[in-house]
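In: Starting from these lines, generate the structure:
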Amino acid sequence: MTEKKKKLFLIDGNSYLYRSYYAIKNLRTRKGAPTNAVFGFARLLFRIIKVYKPDYLAFAFDTKGPTFRHLAFKDYKAHREPPPEELIIQMPVTKDLIKSFNMPSFELQGYEADDIITYLAKKGEKSGLSVTILTGDKDLLQLVNDNIQIMSAHKDDYIYDSEKVKEKYGITPLQMIDFLALLGDASDNIPGVDGIGEKTASELLKEFKGLDDIYANIEKVKSDKLREKLLKGRESAYFSRQLATLIEPPLEIKIEDLLVKDPDVNAVISKLGELEFTSLREEFRKLKYVSAPAVEIDLFSEEVKEKSNISELKNKEEIKELFNNIITHKKAAVRLKAGKIYFSYADKSGSVLDFDKTSTEGIFSDNNISLTFFDYKNFLREYNGEIPVKEVFDCLLAAYLLNPDRGSYTPAEIIFRYLSKNPAENEEICFLLALQEILKKELAGQNLLPLFENIEMPLVPVLASMEKAGIKLDLPYLKKLSVEIEKKLEGLVKNIYELAGGEFNINSPQQLGKILFEKLKLPVIKKTKTGASTDVEVLEELSGKSPLPAFLLEYRQLTKLKNTYIDALPLLADKENKIHTSFDQTGTATGRLSSLNPNIQNIPVRTEIGKEIRRAFIASEKGWKIISADYSQIELRILAHFSGDANLLDAFKKDEDVHSRTASEIFNMEKAAVTGDERRIAKTVNFGIIYGISAFGLAKQLKISRTEAQKYIDSYLKNYTGVEKFIKDSKEKARKSGFVETLLGRKRYIPDIDSSNKNTREFAERVAINAPIQGSASDIIKLAMVKLYCIMKKEDFKGRLLLQVHDELILECPEKDVESLKILVKETMENVVKLKVPVKVDVSSGDNWCECK
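Out: Numbering: from 1, shown residues only. You can find the predicted model right below:
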């Protein structure tokens with residue numbers, strides 16, 4: 001019986017790190033450090049230990065400097081973009097992780113990882129080992145023989161032996177160098193022979209033994225064109241062969257150095273904890289190295305779905321048994337989807353049944369049970385009621401608070417992020433209880449539990465009730481408004497054609513560009529890939545040079561609002577003429593609510609057309625009124641609170657016009673002498689400071705020189721020294737801790753605060769200034785909504801909350817209750833938090849939203 005060969009496993013570190021970086025998105029520590037590439041690599045280390053179980057092992061990496069190939073050919077890999085900055089900073093972290101696993105890693109200045117792998121593979125072969133190379137680079141296919149095989153980094157576990165190489169490329173592994181010499185390699189910028197593709201290269205090597213044989217028998221090449229290409233490209237072919245040939249670098253490595261060793265347990269656990277790979281750390285604790293039996297779980301393959309058990313319940317006895325088990329366990333995960341309700345009270349098992357509210361009410365009214373959801377608001381909307389249980393936990397909101405910049409929060413993504421599990425469709429329910437445990441610990445560890453428990457979770461039933469209530473539209477009015485806007489547009493089109501000297505497609509950037517820049521000879525402000533830009537910014541800048549851009553801007557604005565709101569809103573209305581927007585708690589990194597179908601946040605506030613659109617939002621019942629409650633200058637008041645600036649504090653305490661006061665400070669004049677234009681400039685500066693505005697940005701907004709804009713900013717900061725210190729401190733905190741915080745503890749992680757890219761870094765600095773202010777404004781209005789909802793419910797107010805738009809709440813109630821509700825709303829909103837300055841709310845009422853202003 002033949003003795004089984006021992007295994008040597010060689011990993012192309014750069015190849016796999018790149019793969020991990022692009023395969024796994026949006027993975028960061030709570031301080032904002034990217035970890036997606038390291039996470040993919042960590043899963044590979046686990047797979048090596050659990051699945052491949054090699055006897056010998058090594059990683060190889062490229063180095064920063066040029067290799068001998070660069071010295072031979074200056075354009076070698078010259079077309080490649082440099083690695084993304086977020087990948088570069090993960091490379092040393094990955095190498096540290098490899099080191100903690102006691103796995104050998106090699107790199108050598110002047111040589112590539114492929115060359116090091118060549119050396120190690122041949123050494124392993126000479127030592128009688130079976131060699132497997134994990135790489136995404138086809139150069140290494142030249143090494144394949146009976147003892148050396150390639151495992152593709154692009155396709156898990158796909159093995160290239162000699163037969164597979166021939167099957168894919170039509171050549172033997174020994175011919176791979178000549179194949180690349182003819183074809184070239186676009187990834188490495190190896191030129192090859194111009195005009196020869198993969199098929200032709202393969203056919204030539206079937207007919208001839210190799211490159212030397214081709215040129216020795218060039219007259220036997222049947223195609224005249226091909227022969228001409230080969231003769232013309234002879235020098236390039238041989239040079240390309242030289243570049244594609246892997247060589248053994250001058251290394252002295254003993255095969256014993258590659259023996260697999262036990263990892264440094266404490267170092268691995270510490271490193272995984274530092275990277276916040278909670279689930280991997282727990283899996284590592286179960287391995288034999290930590291005196292526990294190894295668990296054969298495949299943490300690497302994204303194709304393999306995690307096994308779980310979903311039972312479909314049909315009869316009453318089965319359902320009763322399920323509910324009894326939930327009551328016994330005092331906890332369950334719940335999900336309502338497509339008319340089915342899913343339950344799980346034990347890890348990796350669950351049940352599904354047809355949803356019937358009556359039969360499930362017992363579970364949702366037992367105050368001894370804790371329930372876990374993913375998207376609790378969606379459940380409440382479908383369930384059409386509240387659930388007074390002991391505790392409710394929404395994994396979606398928890399994941400959002402822990403990583404507010406993520407943007408996408410699907411159950412599968414979050415389960416994978418925290419549990420490293422890949423559940424099959426509809427089986428996510430089986431992992432929610434385990435997910436809840438980890439998320440709750442993470443929230444507590446980051447001091448986010450109070451925000452989660454006191455604001456975000458209590459807000460869910462508030463938003464669900466608002467979405468269910470909807471707001472009524474005056475459809476006849478919208479129809480009339482649509483006709484009026486259409487007439488305005490017709491007039492604008494006529495004016496545009498007259499100024500352009502003829503008809504053209506106004507909505508075509510190319511045709512408009514010809515009119516503006518060729519016919520009217522207006523200056524090109526900026527260019528895109530398709531030509532001169534005609535965007536809003538360009539048209540605004542051109543408005544002073546011709547009347548046409550102003551008409552175009554008005555045409556675009558009216559067209560957009562007509563299509564987005566005036567004509568679209570009636571299509572979204574139900575049979576009661578109500579629209580039911582969806583509020584998204586996870587839609588912004590700042591904590592602000594966003595809304596969809598329709599997006600009410602984007603209705604213009606101060607323009608006439610915006611007011612006309614708001615007029616269409618009316619009370620839902622006869623004899624009822626609309627109430628608007630709007631925080632006055634809340635962000636500036638928060639700035640005063642955070643900065644403690646004496647000037648700002650004094651202005652708000654005296655209830656002064658803060659913009660007039662700022663104007664008097666900037667322009668060094670008495671407040672009584674401030675003109676409307678000067679107040680407008682001061683207002684722009686005030687709000688610009690909150691968003692970390694630059695002289696360039698302020699100059700664009702005010703249409704002044706950058707020098708003048710800088711002068712205004714300098715004057716502002718000279719008079720508001722507390723604000724200047726707040727700006728400096730915010731940036732410093734972001735650099736030191738990786739995040740900034742709101743008044744109520746919401747965190748915004750800022751990983752790019754030290755970016756080497758100037759634009760990226762300056763944007764991060766603006767976020768560091770603005771996030772605490774804008775996020776605090778969001779926290780305040782959310783808390784006010786929760787308190788107001790609870791009071792109205794407790795005191796049985798007949799009115800209801802309808803909308804939340806920026807810093808404004810919209811309610812409705814019977815006319816007889818308007819004044820009492822206005823008092824309640826104002827008192828609640830103004831006293832929900834205590835700032836160093838008074839919080840002011842403007843409350844008004846009317847028959848429609850517009851009349852409230």
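
In: Quick one: the helices in the stretch 201-350 of the chain, in order.
Out: Using DSSP state H, counting those that start in this stretch, the helices of the stretch 201-350 of the chain run over residues 211-216, 224-232, 234-244, 265-274, 278-285, 316-329.

In: Same list (the ones you listed) but as CSV, adding mean pLDDT.
Out: Listed next are those as CSV, based on pLDDT from 0 to 100:
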stretch, mean pLDDT
helix 211-216, 85
helix 224-232, 85
helix 234-244, 79
helix 265-274, 85
helix 278-285, 78
helix 316-329, 84
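
In: okay but E86 is in contact with G32, surely?
Out: No. Checked against CB atoms under 8 Å, the pair E86 and G32 is beyond contact range at 10.5 Å. Just so you know, the C-beta spots here come from the backbone N, C-alpha and C atoms, and that holds for glycine as well.

In: any chance of the helices of the stretch 201-350 of the chain in JSON lines, plus distance to I566?
Out: Listed next are these as JSON lines, based on distance: least, CB to CB, whole Å:
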{"stretch": "helix 211-216", "distance to I566": "70"}
{"stretch": "helix 224-232", "distance to I566": "63"}
{"stretch": "helix 234-244", "distance to I566": "63"}
{"stretch": "helix 265-274", "distance to I566": "55"}
{"stretch": "helix 278-285", "distance to I566": "50"}
{"stretch": "helix 316-329", "distance to I566": "49"}
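
In: looking at those helices, which is closest to L396?
Out: Of all the helices of the stretch 201-350 of the chain, it is helix 278-285 that lies closest to L396, at 18.2 Å by CB to CB.

In: quick one, the closest one and helix 265-274 angle?
Out: Angle, helix 278-285 to helix 265-274, by axes from the mean of the first three to the mean of the last three CA atoms, to 10 degrees: 170 degrees.

In: Export only the CA atoms of helix 278-285, formatted as PDB.
Out: Only the C-alpha atoms of helix 278-285 are listed here, as PDB (Å, rounded to 0.1, in the frame of the first residue of the first chain):
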ATOM      1  CA  THR A 278     -16.700  38.300  17.800                       C
ATOM      2  CA  SER A 279     -18.000  35.200  16.100                       C
ATOM      3  CA  LEU A 280     -14.600  34.100  14.800                       C
ATOM      4  CA  ARG A 281     -13.100  34.500  18.300                       C
ATOM      5  CA  GLU A 282     -15.800  32.300  19.800                       C
ATOM      6  CA  GLU A 283     -15.300  29.700  17.100                       C
ATOM      7  CA  PHE A 284     -11.500  29.800  17.800                       C
ATOM      8  CA  ARG A 285     -12.200  29.100  21.500                       C
END
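
In: which residues do E86 and G32 both contact?
Out: Residues touching both E86 and G32 (CB atoms under 8 Å, 6 or more residues apart in numbering) are P751.

In: Looking at those two, which one has more neighbours?
Out: The neighbour comparison of E86 against G32 (other CB atoms under 10 Å) goes to G32, with 20 against 17.

In: Go ahead and confirm that one touches F739.
Out: Yes. In this structure, G32 is within contact of F739 by CB under 8 Å, at 6.5 Å.

In: Pull up the overlap in contacts between those two.
Out: Residues touching both G32 and F739 by CB under 8 Å, 6+ apart: Y749, I750.

In: Mind checking the pLDDT average for stretch 524-538?
Out: Averaging pLDDT along stretch 524-538 yields 82.

In: Could you tell me the per-residue confidence at N647?
Out: 91.

In: Grab the nearest non-local neighbour of it.
Out: Leaving aside its chain neighbours, N647 sits nearest to Y720 (5.5 Å; criterion: CB to CB, 6 or more residues apart in numbering).

In: which residues does that neighbour contact?
Out: The contact partners of Y720, by CB under 8 Å, 6+ apart, come to S643, D645, N647, L648, E665, I689.

In: Output the helices of the stretch 201-350 of the chain in TSV; the columns should cover mean neighbour count and distance to R606.
Out: Converted to TSV, the helices of the stretch 201-350 of the chain look like this (neighbours: other CB atoms under 10 Å; distance: least, CB to CB, whole Å):
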stretch	mean neighbour count	distance to R606
helix 211-216	17	73
helix 224-232	14	67
helix 234-244	19	64
helix 265-274	16	50
helix 278-285	18	48
helix 316-329	14	53
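
In: out of those, which comes closest to E112?
Out: Of the helices of the stretch 201-350 of the chain, the one closest to E112 (CB to CB) turns out to be helix 234-244, at 11.0 Å.

In: how about the CA coordinates for that closest one, as CSV?
Out: Below are the C-alpha coordinates for helix 234-244, written out as CSV (Å, rounded to 0.1, in the frame of the first residue of the first chain):
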residue,chain,number,x,y,z
ARG,A,234,9.1,38.1,-32.4
GLU,A,235,11.1,40.4,-30.1
SER,A,236,8.0,41.2,-28.0
ALA,A,237,7.2,37.5,-27.7
TYR,A,238,10.6,36.5,-26.4
PHE,A,239,10.7,39.5,-24.1
SER,A,240,7.2,38.6,-22.8
ARG,A,241,8.4,35.0,-22.2
GLN,A,242,11.2,36.4,-20.1
LEU,A,243,8.7,38.5,-18.0
ALA,A,244,6.3,35.6,-17.6
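
In: neighbours around E484, how many?
Out: Residues near E484, counting by other CB under 10 Å: 11.

In: ah, wrong one, I meant P404
Out: P404 has 19 nearby residues by other CB under 10 Å.

In: same check, this time on K479
Out: So K479, with other CB under 10 Å, has 13 neighbours.

In: dump the residue contacts of it.
Out: Residues near K479 by CB under 8 Å, 6+ apart: P570.

In: Spell out the secondary structure type for it.
Out: What DSSP: H, G, I helix; E, B strand; the rest coil gives for K479 is helix.

In: Report the separation between it and E576.
Out: 17 Å (CB to CB, to the nearest Å).

In: Over to D224?
Out: 79 Å.

In: Please apply the same query to E203.
Out: Taking CB to CB, one finds E203 at 71 Å from E576.

In: Neighbour count for these two, which is higher?
Out: Legend: neighbour count by other CB under 10 Å for E203 and E576, higher for E203 (14 against 9).

In: Was I right to think C850 contacts E612?
Out: Yes. The criterion here is CB under 8 Å, and C850 meets it with E612 at 7.4 Å.

In: Now do the strands in the stretch 301-450 of the chain.
Out: With DSSP state E, counting those that start in this stretch applied, the stretch 301-450 of the chain shows strands at 309-312, 331-337, 340-346, 349-354, 370-373, 391-394, listed in chain order.

In: Tell me which of those strands sits nearest to L439.
Out: Comparing the strands of the stretch 301-450 of the chain against L439 with CB to CB, the closest turns out to be strand 391-394 (7.8 Å).

In: Can you give the domain ranges for this protein?
Out: 7-168+246-256, 309-446, 492-576, 634-776 (automatic domain parsing).
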